[in-house]
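Visitor: predicted coordinates and the sequence they were generated for:
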Amino acid sequence: MAKYAFYFDGTRCTGCKTCEMACKDFKDLSVDAAYRKVYETAFGATTRDSDGCIVNSCVSYTISMSCNHCDDPACTKACPTGAMHKDEETGLVSVDSSRCVGCGYCHMACPYNAPKIDRSKGHSVKCDGCADRVAAGEKPVCVESCPARALDFGTIEDMAAMGQRANIAPLPEPTHTNPNLYIKASSDAIPSGSVDAQVVNPLEVM
């Protein structure tokens, strides 16, 4: 069976957050929970030059991201019970709530901030790639909801043919976990590892 990946087209995303809201609705999440998040990234400065003119070098771009179902997921390595696991056939990473003890190690290990501990449920929660929909031949609800068609989902080979592996700031270098997120970057995006890019909506995504 094929292993899957997400694709994000930064040249099409408008930052509307429809993907995020569709996921919250489909998964019946609380107001303060989200499996997919839209990161607003910015860098640059507004300065005054020697002639007294205002010069603006500020740019911004968005990244829609959920769990990246990495080839080498840090969350599964950190999990002491095996509750966080990667499906051998599809490559999708999910939580076995019956085995999760809510220790939070998966959350601390993930460089993409994907798993969270739901204290009301007593276990970790995260995007599972809409595994039930995928098994039925459908795409994740976030993908189908995107009005700009900035998101896609399919085999790793098909998604890799359209973009590069999670290669833009403020994301970490993709070599850490080999995430299955492929990106077509906007012209304003800068490479992973750059210290210039800042997340300007941290309360929404952290």
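Guide: It's in.

Visitor: what residue of this structure is the furthest out?
Guide: Of all residues in the chain, Asp51 has its C-alpha farthest from the mean position, at 43.4 Å, by CA atoms, centre = their mean.

Visitor: mind telling me which residue is nearest the centre of this protein?
Guide: In the chain, the residue lying closest to the centroid (CA atoms, centre = their mean) is Met65, at 2.2 Å.

Visitor: how close does that one sit to Cys53?
Guide: For Met65, the distance to Cys53 under the criterion CB to CB, to the nearest Å works out to 38 Å. C-beta here means a position set from N, CA and C on the backbone, and glycine is covered the same way.

Visitor: same deal with Cys16?
Guide: With the distance defined as CB to CB, Cys16 ends up 34 Å from Cys53.

Visitor: between the two, which one's more packed in?
Guide: Cys16 (15 against 8; other CB atoms under 10 Å).

Visitor: find the nearest non-adjacent residue to the more buried one, please.
Guide: Setting aside the residues directly before and after it, Cys16 is nearest to Pro147 in space (CB to CB, 6 or more residues apart in numbering), at 6.7 Å.

Visitor: so the one you found makes contact with Thr18?
Guide: Yes. Counting by CB atoms under 8 Å, Pro147 touches Thr18, with 5.8 Å between them.

Visitor: so between the two, which is more surrounded?
Guide: When neighbours are counted by other CB under 10 Å, Pro147 and Thr18 differ, and Thr18 comes out ahead with 18 against 10.

Visitor: how about that one: what's its closest non-neighbour residue?
Guide: When the adjacent residues along the chain are set aside, Thr18 lies closest to Ser145, with 5.3 Å between them (CB to CB, 6+ apart).

Visitor: Cys75 too?
Guide: Cys106 (3.9 Å).

Visitor: and that neighbour, that's in a strand?
Guide: No. The assignment for Cys106, made by DSSP: H, G, I helix; E, B strand; the rest coil, is helix rather than a strand.

Visitor: quick one, grab the pLDDT at it.
Guide: According to the predicted model, the pLDDT of Cys106 comes to 98.

Visitor: which residues touch it?
Guide: 75-76, 78-79, 84, 95, 115, 124, 126 (CB atoms under 8 Å, 6 or more residues apart in numbering).

Visitor: now, those residues that are in helices?
Guide: Under the assignment DSSP state H, the contacts of Cys106 contribute 75-76, 78 to helices.

Visitor: check which residues of the helix or strand Val38 falls within are buried.
Guide: Secondary-structure element containing Val38, defined by DSSP states H and E: strand 37-43. Buried residues in strand 37-43, counted by 16 or more other CB atoms under 10 Å: 37-41, 43.

Visitor: run through the strands of the chain in chain order.
Guide: Counting by DSSP state E, the chain has strands at residues 4-9, 37-43, 46-48, 54-56, 59-65, 84-86, 93-95, 116-118, 123-125, 151-155, 164-165, 181-184, 198-199.
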